[in-house]
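Student: Fold the stuff below for me.
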Amino acid sequence: MTEQGRDAMERAWQDLVATARRTASEGLVVGTSGNVSVRVGETVLVTPSGVPYDRLTPEDAVGVDLDGVRLFGALAPTSELPLHLEVYRSTSAGAVVHTHAVHATAVSTLVPELPPVHYMTAALGGPVRVAPYALYGTDELAANMREALRDRTACLLRNHGTVTYGDSLDQAYDRTAQLEWMCRLWLTASSVPGHTPTLLSGAQLRDVAEQLRGYGQSR
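Tutor: Numbers count the residues shown, from 1 in each chain. Just a heads-up that it's a prediction; the model follows:
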């Protein structure tokens, strides 16, 4: 690996660790649950299995190829490696965030998809689907997730948690936070006795998607 390549890996690892720590500090995971990955060329950097995020150092970096073959790192990669690799194989993702966020996981036990209670549904590609339950770390779970992510950038895993992806770690994390917030919103609104939350129509979501194309600062 060239010096430039090593520098890119080091920066990516620092960003990955910062994102993983953010999931913990903002209450989206507990202990060593959840995991984060980022793609650098044909290498996928992933959080290692069973190590608290606040203890990760540059020497703990773990890299695998798209087939899951370890390229470097002494620690074992996350047990959810099949899930992360499936996202990279089936989408253009640059980063993946998996959490056990409380409100999102609660919603995963109640409905087959998160009802479109807020216009940010459009930013995730449409109503967020719930992937059927399967044992963590398995190819079955990865396949269920792949189907739930079809034309979406986020999904819920039944009785398990969330998966989001983006071009960058910042984008993947932001989508995770938005998803958890929308799940909390729907749970709050639907808990009021005698009332049912109003939902957005497909046409309304399409209008939002079009509006979002021009959102943000031009570069």
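
Student: Closest to the centroid, which residue in the protein?
Tutor: residue 164 (2.5 Å; C-alpha atoms, centre = their mean).

Student: List the buried residues for stretch 180-188?
Tutor: Taking 16 or more other C-beta atoms under 10 Å as the basis for neighbour counts, the residues of stretch 180-188 that come out buried are 180, 182, 183, 184, 185, 186, 187. Every C-beta, even on glycine, is put in place using the N, C-alpha and C of the backbone.

Student: quick one, phi psi at the last one?
Tutor: Backbone dihedrals for residue 187, given as degrees, to the nearest 10, come out at phi -60, psi -40.

Student: Look up the closest residue to it, ignoring the ones flanking it.
Tutor: Counting by C-beta to C-beta, 6 or more residues apart in numbering, residue 187 lies nearest to residue 103, which is 5.8 Å off, once chain neighbours are set aside.

Student: give me every residue that touches that neighbour.
Tutor: The neighbourhood of residue 103, defined by C-beta atoms under 8 Å, 6 or more residues apart in numbering, consists of 180, 183, 184, 187.

Student: Format the CA atom coordinates belonging to the stretch of helix or strand the first one belongs to as PDB.
Tutor: Spelled out, that is residue 180. Counting by DSSP states H and E, the element that carries residue 180 is helix 169-190. The C-alpha trace of helix 169-190 is given here as PDB (Å, rounded to 0.1, in the frame of the first residue of the first chain):
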ATOM      1  CA  LEU A 169     -20.300   8.100   7.300                       C
ATOM      2  CA  ASP A 170     -21.900  11.400   8.000                       C
ATOM      3  CA  GLN A 171     -24.800  10.700   5.600                       C
ATOM      4  CA  ALA A 172     -25.300   7.200   6.900                       C
ATOM      5  CA  TYR A 173     -25.400   8.400  10.500                       C
ATOM      6  CA  ASP A 174     -27.800  11.200   9.700                       C
ATOM      7  CA  ARG A 175     -30.200   8.800   8.100                       C
ATOM      8  CA  THR A 176     -30.000   6.600  11.200                       C
ATOM      9  CA  ALA A 177     -30.800   9.600  13.400                       C
ATOM     10  CA  GLN A 178     -33.700  10.600  11.200                       C
ATOM     11  CA  LEU A 179     -35.100   7.100  11.200                       C
ATOM     12  CA  GLU A 180     -35.000   6.800  15.000                       C
ATOM     13  CA  TRP A 181     -36.600  10.300  15.300                       C
ATOM     14  CA  MET A 182     -39.400   9.300  12.900                       C
ATOM     15  CA  CYS A 183     -40.000   6.100  14.800                       C
ATOM     16  CA  ARG A 184     -40.300   8.000  18.000                       C
ATOM     17  CA  LEU A 185     -42.700  10.500  16.400                       C
ATOM     18  CA  TRP A 186     -45.000   7.700  15.100                       C
ATOM     19  CA  LEU A 187     -45.000   5.900  18.400                       C
ATOM     20  CA  THR A 188     -45.800   9.100  20.200                       C
ATOM     21  CA  ALA A 189     -48.600  10.100  17.800                       C
ATOM     22  CA  SER A 190     -50.100   6.700  17.700                       C
END
